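Novice: Got a predicted structure here, sequence first:
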Amino acid sequence: MILYHGSYAAISEPDLTYSRPNVDFGRGFYVTPLYEQAAKWCGKFKRRGREGIISCYSFDEKYESELKILKFSAYSEDWLEFILKCRSGKDNTDYDIVAGGVANDRVFNTVELFFDGLIDKTEAINRLRYEKPNLQICFRTEKALKLLKFEGSETV
């Protein structure tokens with residue numbers, strides 16, 4: 001599988017030290033199999049006057065059986081609960097990899113309405129069903145990161 005990471009620099013050796021806490025799937029190195037999604041991630045750096053660089057990696061899926069992986073195939077109640085735990089710093093799971101939809105601005109607005117008690121869980125899930133999910137994969141452990149092979153990078 002080919003995966004992409006959008007940033008302001010080429011990242012030949014991903015390092016969890018630089019990952020941020022309290023994001024969608026917790027601290028980790030985020031990639032996507034969608035080139036367009038990685039290019040979108042570069043947009044925030046380009047708007048700040050920096051270069052946008054997409055790093056490319058290969059990941060051999062035959063090693064998935066050696067890892068503890070959580071996959072969300074759609075926006076769901078479980079996805080919503082997990083995002084809320086991660087974003088509030090209350091996630092204590094030990095997954096090596098978490099994969100699922102991105103909480104982009106429109107999605108996050110719905111999550112915030114739920115988090116603030118302005119809509120219930122059922123309404124939140126109903127609203128999310130209309131969003132086209134993007135896909136992010138978070139490599140959360142060194143064990144998982146070692147399975148990513150850097151293939152190169154390009155400026156976008």
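Specialist: Received it, and whenever you're ready, just let me know what you need.
Novice: And the pLDDT at P133?
Specialist: P133 carries a pLDDT score of 63 in this model.
Novice: May I see the buried residues of stretch 26-40?
Specialist: Within stretch 26-40, the residues scored as buried using 16 or more other C-beta atoms under 10 Å are G26, R27, G28, F29, Y30, V31, T32, Q37, A38, A39, K40. From N, CA and C alone the C-beta is placed, and that goes for glycine too.
Novice: again with stretch 101-120
Specialist: Buried residues in stretch 101-120, counted by 16+ other C-beta under 10 Å: G101, V102, A103, N104, V107, T110, V111, F114, F115, I119.
Novice: contacting residues around the lowest-mean-pLDDT helix or strand in the chain?
Specialist: Comparing every helix and strand of the chain by mean pLDDT, DSSP states H and E singles out helix 105-115 as the least confident one, with a mean of 79. Contact with helix 105-115 is made by 75, 80, 83-84, 87, 101, 103, 119-121, 123-124, 127-128, 131, as judged by C-beta atoms under 8 Å, 6 or more residues apart in numbering.
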